[in-house]
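K.L.:
This is the structure alone, sequence omitted:
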Ligand code: D5M
Ligand code: FE
Ligand code: ZN
């Protein structure tokens with residue numbers, strides 16, 4: 001099937017400095033002698049052209065062989081590349097969309113809700129219909145219905161007139177702090193960051209409790225009802241099994257005692273240091289402590305109604321490519337990019353990459369023993385080559401991760417000029433971690449996900465685990481902050497503004513980092529952790545991390561329904 005070599009045609013053109021119309025690539029793949037046709041098409045394109053068009057190709061094909069091969073004639077390999085036979089078999093597998101195997105469902109599938117999500121076509125789907133009823137069981141519960149497979153016609157676009165028109169696209173990046181870093185690392189900078197965090201998160205809570213500043217509460221008469229909003233300074237359990245939660249605002253600190261018989265254990269379990277919460281209760285007789293009756297997180301309102309595209313268009317949500325690692329799964333990647341050139345992938349007009357493009361150097365101890373490419377610039381060059389296999393008219397957005405060559409502390413700026421230049425493939429938008437992207441009416445929050453390790457380590461297993469990374473994401477949504485806890489594993493850089501606050505509720509929250517596939521809905525927000533393209537490393541083996549490698553979650557931007565495709 002000639003289409004399987006589309007990725008190679010696109011790459012061959014990209015290597016000669018050209019983007020290409022999809023139709024041009026398809027025509028070249030169908031030519032009797034694609035290699036000659038590529039050369040002739042490039043010849044035909046005017047010197048100042050950036051893009052090879054279908055017209056250039058038609059002329060070129062007329063010139064070289066006078067006719068295009070019929071669709072069922074096998075296409076020849078247009079570009080001689082080493083290992084092309086491997087590519088061919090990989091492509092065939094992806095072409096048939098070998099998908100999530102029943103026997104080995106993605107870890108994301110909720111145990112309580114078995115993988116009815118895996119349908120006959122071999123695609124794992126998730127019904128994320130925004131109109132589905134929300135669960136009213138309480139503020140902490142999430143709507144995690146992973147069932148209701150959709151029918152094939154919804155999954156596979158068989159539209160004869162695909163609407164892949166760049167003019168219909170609409171994408172805007174927000175919250176990008178690249179080039180705007182102001183922090184000098186002084187103590188006062190941290191004060192500014194935390195003030196901004198408090199300001200913006202307390203605003204969300206202010207409508208819910210009648211709060212007073214710490215200083216004012218300290219002067220209220222004993223026995224008064226009072227509420228405070230603050231950043232969590234300390235949480236500890238007392239000898240008698242209660243909990244002491246100390247909050248801090250801009251005027252001072254105040255302690256709250258959460259009694260064990262208040263039924264709040266479950267909520268206390270979820271509290272992380274430095275996050276912003278509200279406590280409501282009654283002051284002790286001596287007014288020195290607040291007895292808590294309720295605790296509130298900024299949270300996502302249950303009434304949140306996500307936006308949606310007004311046409312059928314999709315985005316591939318991936319992360320953790322790790323080019324340069326011995327374990328980088330090149331074959332799976334090629335299958336993925338080959339699939340992107342098939343008609344089935346016509347609606348996939350956007351590619352969102354949530355960090356760890358390359359394996360980096362010196363990220364973890366002994367990492368050099370597992371490096372295939374030891375030079376960081378070469379890693380990015382190779383990554384860029386792989387990215388060129390993606391259809392040229394795909395809108396790409398990338399943020400860095402902890403393996404990338406930018407500062408580790410978050411927010412991470414979107415790369416320096418040297419690396420941006422190397423990765424400047426298909427006009428990709430390269431932005432900071434985190435960043436928000438508005439894609440045809442769908443607000444996507446992209447964050448690499450280093451804080452997920454921390455959330456998983458701090459919270460009870462049922463609330464956050466590597467097997468269900470989306471649940472750890474729900475916690476971040478609840479806290480309206482992508483990395484609440486300061487001073488631990490996640491490094492935070494002091495900036496004028498706390499870029500890690502989720503001021504607006506996203507429609508889709510996209511992370512990576514933990515190399516596990518998981519997705520689900522929390523208060524109508526779709527949380528997707530996107531797996532990776534790196535097989536298990538020695539370190540991961542030693543700590544029993546079993547990565548979900550070679551999956552591409554594909555998001556319908558009109559319905560916010562998800563399909564997971566497997567390419568490994
Ligand atoms: O992270 C992939 C996952 O593996 C993430 O959950 C962190 C964890 N990881 C991987 N290597 C290490 C080491 N050496 N120490 C601690 N945690 C680790 P990634 O960012 O892709 O390496
Ligand atoms: Fe990673
Ligand atoms: Zn990572």
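P.N.:
That came through fine. Treat the numbers as computed from the prediction; the structure is a model and nothing was measured. Ligands and ions are numbered 1, 2, ... in the order given.
K.L.:
Enumerate the residues of the chain near ligand 3.
P.N.:
Taking C-beta under 5 Å from the ion as the measure of proximity, the chain contacts ligand 3 at 356, 401, 402, 513. For glycine as for every other residue, the C-beta is placed from the backbone atoms N, C-alpha and C.
K.L.:
Partner strands of the longest strand seen in the chain, with direction?
P.N.:
Longest strand in the chain, counting residues (DSSP state E): strand 225-237. Taking DSSP bridges as the criterion, strand 225-237 sits next to strand 243-249 (antiparallel), strand 276-283 (antiparallel) in its sheet.
K.L.:
Just name the most buried of those strands.
P.N.:
Looking across those with neighbours counted as mean count of other C-beta atoms under 10 Å, the highest average goes to strand 276-283: a mean of 22.
K.L.:
tell me which element residue 200 falls in.
P.N.:
Secondary structure here is read from DSSP states H and E; on that basis residue 200 sits in helix 187-206.
K.L.:
Please disregard the earlier target; I meant residue 41.
P.N.:
Assignment of secondary structure by DSSP H and E places residue 41 within helix 34-44.
K.L.:
and that helix, which residues are buried?
P.N.:
When burial is assessed from 16 or more other C-beta atoms under 10 Å, helix 34-44 yields the following buried residues: 34, 35, 36, 37, 38, 39, 40, 41, 42, 44.
K.L.:
contacting residues around the last one?
P.N.:
With contact taken as C-beta atoms under 8 Å, 6 or more residues apart in numbering, residue 44 is in contact with 56, 57, 59, 60, 63.
K.L.:
measure whichever residue of the chain sits closest to ligand 1 to residue 451 for me?
P.N.:
Closest residue of the chain to ligand 1, C-beta to the nearest ligand atom: residue 364 (3.5 Å). Residue 364 is 18 Å from residue 451, where distance means C-beta to C-beta, to the nearest Å.
K.L.:
Below-threshold pLDDT in the protein: ranges please.
P.N.:
Under the criterion pLDDT under 70, the flagged ranges of the chain are 1-5, 17, 47-48, 50, 64-163.
K.L.:
Tell me the residues of it that contact ligand 2?
P.N.:
For the chain, the residues in contact with ligand 2 (C-beta under 5 Å from the ion) are 320, 356.
K.L.:
Quick one: name the residues of the chain near ligand 1.
P.N.:
Residues of the chain lying close to ligand 1 (C-beta under 6 Å from any ligand atom) are 320, 356, 364, 402, 403, 453, 513, 514, 515, 539, 540, 545.
K.L.:
Please indicate which of these are buried?
P.N.:
By the neighbour-count criterion of 16+ other C-beta under 10 Å, the residues of the chain next to ligand 1 include these buried positions: 320, 356, 402, 403, 453, 513, 514, 515.
K.L.:
Strands along the stretch 201-350 of the chain, start to end?
P.N.:
Read by DSSP state E, counting those that start in this stretch, the stretch 201-350 of the chain holds these strands, from start to end of the chain: 225-237, 243-249, 252-258, 276-283, 290-296, 314-318, 348-353.
K.L.:
closest one to residue 210 among the ones you listed?
P.N.:
strand 225-237 (5.7 Å; C-beta to C-beta).
K.L.:
What angle do strand 290-296 and that closest one make with each other?
P.N.:
Taking axes from the mean of the first three to the mean of the last three C-alpha atoms, to 10 degrees, one finds that strand 225-237 is oriented at 90 degrees with respect to strand 290-296.
K.L.:
sorry, back to before: so which of the contacts of residue 44 is the most crowded?
P.N.:
Neighbour tally across those (other C-beta atoms under 10 Å): the maximum, 28 neighbours, falls on residue 57.
K.L.:
Quick check: buried residues in stretch 226-241?
P.N.:
Under the neighbour-count criterion of 16+ other C-beta under 10 Å, stretch 226-241 has 226, 227, 228, 229, 230, 231, 232, 235 buried.
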